[in-house]
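Predicted model, plus sequence, below.
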Amino acid sequence: QVQLVESGGGLVQAGGSLRLSCAASGRTFSYYSIGWFRQAPGKERDFVAAISWSGATTAYADSVKGRSTISRDNAKNVVYLQMNSLKPEDTAVYYCAANRFTGATDRGNEYGVWGQGTQVTVSS
């Protein structure tokens, strides 16, 4: 089973960009599809983006489509989430999660392994 660690969060002005990373331990990382989710204070956890184990399939929430790109480097055991044109409503803790069997799904309950999260704050 993999373990996940997120990084790359921080404080950025509206219109700026961030690249989040999800680093995984374990030799079986390439077997897992990876999703990004976010949770703002007082709100439910929302799907952001996902990528299949091979990288051939990706999925995005409407709220980030056209502004974000998810990618992976299986040789380095890392998944990236590039976010551009950031808005204050993108402020949240961002989590990456792994699932072995259900692909680039937007359903959080399909993911069995979660990271600790990284804070993204977008100022207006």
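That came through fine. Numbers count the residues shown, from 1 in each chain.

what is the residue positioned nearest the centre of the chain paired to in the beta sheet?
Within the chain, one residue has its C-alpha closest to the average C-alpha position: by Cα atoms, centre = their mean, that is Trp36, at 2.5 Å. Beta-bridge pairing of Trp36 under DSSP bridges involves Ala49, Cys96.

measure the closest residue to Ser17 other than its chain neighbours to Tyr111 for me?
Of all residues beyond its chain neighbours, the one nearest Ser17 is Asn84 (4.7 Å), with distances taken as Cβ to Cβ, 6 or more residues apart in numbering. (Each C-beta comes from the backbone N, C-alpha and C, glycine too.) Here the criterion is Cβ to Cβ, to the nearest Å. By it, Asn84 lies 25 Å from Tyr111.

Show me where the protein has its strands.
With DSSP state E, the ranges of strands along the chain come out as 3-7, 10-13, 18-25, 33-39, 46-51, 58-60, 68-73, 78-83, 92-99, 113-114, 118-123.

and of the ones you listed, who's closest to Asp106?
strand 46-51 (4.0 Å; Cβ to Cβ).

Now do that closest one: which elements does it pack against?
Under the contact criterion of 3 or more Cβ pairs under 8 Å, 6 or more residues apart in numbering; DSSP states H and E, strand 46-51 touches strand 33-39, strand 58-60, strand 68-73, strand 78-83.

What number of residues are in the vicinity of Lys65?
Under the neighbour criterion other Cβ atoms under 10 Å, Lys65 is assigned a count of 10.

More neighbours: Asn84 and Tyr111, which one.
In this view Asn84 and Tyr111 are compared by other Cβ under 10 Å, and Tyr111 has more residues nearby, 22 against 14.

Ramachandran coordinates for the more buried one?
Here the main-chain torsion angles of Tyr111 (degrees, to the nearest 10) amount to phi -100, psi 130.
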